[in-house]
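structure for this input, please:
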Amino acid sequence: QVQLVESGGGLVQAGDSLRLSCAASGRAFSRFAMGWFRQAPGKERDFVAAISWRGDTYYADSVKDRFTISRENAKNLVYLQMNSLKPEDTAVYYCATEHFASGGAGTTPAAYDYWGQGTQVTVSS
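Next comes the predicted model:
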């Protein structure tokens, strides 16, 4: 059974940094794409970043040049380094992975089958 557990969220001030972690378990992790999404209250779940099994990365325009996604396959971990945080980055952040290895990395929630419980990130102005 695939399980994803996010950690690293918290309350920070605008301009600060945070690093989110996602620990994956339940199967061979290295062959599958991983994604980060976020959802603010009353809004849809939005794409943030994704990384393919080969390490190709994709970012939403709103976080490009501020956020960095990476993975450590040997430890079954994926990270989201978030710099220069803004109040509009406030949301619950979710880690996700796919059921079938697509070879790429999707940028929509429909591309992913397994989700973590989320971690809250709050950025004060």
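
quick one: contacts for Phe29?
Asn73, Asn76, Thr97 (Cβ atoms under 8 Å, 6 or more residues apart in numbering). C-beta coordinates here come from the backbone N, C-alpha and C atoms, glycine included.

just the buried residues out of those, in PyMOL syntax.
In PyMOL, this line selects whichever of the contacts of Phe29 come out buried by 16 or more other Cβ atoms under 10 Å:
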select buried, resi 76+97
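
ok, of the contacts of Phe29, which one's closest to Ser30?
Proximity of the contacts of Phe29 to Ser30 (Cβ to Cβ) peaks at Asn73, which lies at 3.9 Å.

which residue, neighbours along the chain excluded, lies closest to the closest one?
Counting by Cβ to Cβ, 6 or more residues apart in numbering, Asn73 lies nearest to Ser30, which is 3.9 Å off, once chain neighbours are set aside.

from Gly15, how far out is Asn83?
Using Cβ to Cβ, to the nearest Å, we find Asn83 at a distance of 9 Å from Gly15.

comparing the two, which residue is more hemmed in?
Between Asn83 and Gly15, counted using other Cβ atoms under 10 Å, Asn83 has the larger neighbour count: 14 against 11.
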